[in-house]
Structures are given as C-alpha cells and as structure tokens.
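1. how would this look folded up:
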Amino acid sequence: MEQRPPLPPFTAETAAQKARLAENAWNTRDPQKVALAYTEDSRWRNRAEFLQGRPAIVDFLTRKWARELDYRLIKEVWAFHENRIAARFAYEWHDDSGNWFRSHGNEQWEFDEHGLMRRRLASINDQPIHQADRRFHWPLGPRPDGHPGLSELGL
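-> Residues are numbered from 1 along each chain as shown. As a prediction, this is how the structure comes out:
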C-alpha cells in the first residue's frame with residue numbers, strides 16, 4: 001500500500017510538515033500530482049461542491065486552476081489530533097480579466113493509516129484586492145523557505 005509520510009498519529013512537528021507538503025503540492029498547480037495525496041475514494045466538500053474519488057479531484061482542480069490564475073497558497077496548522085488536522089489558508093490569484101483576489105479559508109483533514117487524506121472539508125471566502133495589496137510575490141511554484149507564513153504576514 002502506498003505511504004504518504006508523515007503518518008498519523010500527528011505531533012505538532014509532523015502536522016506542520018504535512019501542511020507544508022500539501023501547500024507545496026497545491027502550489028505546483030498539477031492536478032494529477034495533488035490527487036495522489038488523497039485516497040482513491042476520498043470525500044471532499046469544497047465551498048458548495050461535493051466530490052468523491054481521485055478522478056473527481058483531478059477534474060475539480062483542473063477547472064479551479066484554469067480559472068484561478070497565478071495562484072499562490074500558504075497553509076498553516078490550526079490544530080491537530082491523532083489522524084486529523086485543521087488548517088487555515090490564504091491564496092492569491094487573478095481571473096482572466098485581471099481582477100485580483102485573496103481567498104481565505106479553513107480545512108479539516110482526516111487521514112488514513114497510510115497518510116493519505118480520506119476526507120477534506122473546506123470553507124472559503126474570496127476577498128477582492130488591488131494588485132498593489134498582494135503579499136504573495138514568490139515565483140510560481142512552492143513558497144520559498146524564507147518567505148513569511150500567514151501569521152508573520154498578519155493574515
């Protein structure tokens with residue numbers, strides 16, 4: 001069986017590692033790669049959309065990143081217990097008309113014994129911002145190690 005360390009039960013250190021690995025994967029904007037972190041039958045709620053399974057996750061992420069351009073994401077652990085992690089996040093993106101947004105949200109994650117996420121529940125709000133108000137300026141791809149996180153940015 002495929003393993004995706006770190007594995008539950010989580011500690012503060014391993015929960016933070018898991019969140020950073022998820023952040024790095026999502027910042028690739030590669031739906032196939034991201035979907036591999038989830039169980040074959042993973043269940044999601046993302047805003048008002050309900051998904052189940054990797055093919056549905058790939059379809060969803062493909063649509064998402066076709067609409068949310070120049071996407072850059074930061075995740076931060078809020079709490080953890082055994083095989084669950086609560087994370088908060090923010091990401092910046094623009095639409096095809098050049099309108100910029102900062103999307104804020106919370107996720108609840110539940111993992112199986114192999115470290116694959118079997119459930120993801122996400123609540124997200126979009127805030128229109130001016131391009132000058134952006135805070136995520138690294139080149140596309142994973143956030144550089146020295147870049148501040150959400151708490152350091154006052155988000």
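
2. can we go C-alpha only for contacts and neighbour counts from here?
-> Fine.

3. burial of residue 47, as a residue count?
-> Residue 47 has 12 neighbours, counted by other Cα atoms under 10 Å.

4. what helix or strand is the spatially closest residue to it that is not a sequence neighbour on?
-> The spatial neighbour of residue 47 that comes closest, neighbours along the chain excluded (Cα to Cα, 6 or more residues apart in numbering), is residue 123 at 5.3 Å. Using DSSP states H and E, residue 123 sits within strand 117-129.

5. Now tell me what touches that strand from outside.
-> 37-39, 41-47, 99-112 (Cα atoms under 8 Å, 6 or more residues apart in numbering).

6. For this protein, which residues score under the pLDDT cut-off?
-> Judged against pLDDT under 70, the chain has no low-scoring part.

7. Run through the helices of it in chain order.
-> Secondary structure of the chain by DSSP state H: the helices cover 12-28, 31-35, 54-67.

8. Can you name the residues that contact residue 59?
-> residue 31.

9. Was I right to think residue 5 contacts residue 115?
-> Yes - with contacts defined as Cα atoms under 8 Å, residue 5 counts as touching residue 115 at a distance of 5.7 Å.

10. First-to-last residue distance for stretch 123-135?
-> In terms of Cα to Cα, to the nearest Å, the two terminal residues of stretch 123-135 are separated by 21 Å.

11. Since that was my last question, I'll sign off now.
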